[in-house]
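Q: no sequence on this one, just coordinates:
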């Protein structure tokens, strides 16, 4: 997955803005985690859950990556149901068949 696949046409302006921001984080890993999470969940999130997601999105990508990967402890203020839901989300990191390095005729792989 390389970007937005969900049409934002049926979403309200706030959800469209959040969806865009989720796909344009800064670190590609965070684009994939946040973007795919938002595509999967954005339409069903309550206003309170959107608030919580936006608060999380305000943090630095490098910190978020470490917290999600478990290499740094999650700060108390982010030990919330929304962060747990985001951290537990499993994005699709599958390569397209033509881009998968395992499909190349490269003896180093």
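A: Good, I have the coordinates. Given the structure is predicted, the values throughout are model-derived calculations rather than measurements.
Q: where does this protein have its least confident helix or strand?
A: Scoring the helices and strands of the chain by mean pLDDT, DSSP states H and E places helix 28-41 at the bottom, with a mean of 94.
Q: any weak-confidence spans in the protein?
A: Scanning the chain for pLDDT under 70 picks out 1-7, 93-109.
Q: nearest residue to the spatially most central residue of it in space, please, no chain neighbours.
A: Centroid-nearest residue in the chain: residue 34, 1.3 Å away (criterion: Cα atoms, centre = their mean). Of all residues not flanking residue 34 in the chain, residue 22 sits nearest, at 3.9 Å (Cβ to Cβ, 6 or more residues apart in numbering). For every residue, glycine as well, the C-beta is placed using N, CA and C.
Q: swap in residue 73?
A: residue 67 (7.7 Å).
Q: residues near the one you found, how many?
A: Residues lying near residue 67 (other Cβ atoms under 10 Å) number 20.
Q: now swap in residue 56 and tell me
A: Neighbour tally, residue 56, other Cβ under 10 Å: 18.
Q: now do residue 24
A: By other Cβ under 10 Å, the residues close to residue 24 number 13.
Q: again, but for residue 50
A: Neighbours of residue 50 (other Cβ under 10 Å): 16.
Q: secondary structure element for it?
A: Following DSSP states H and E, one finds residue 50 within helix 47-57.
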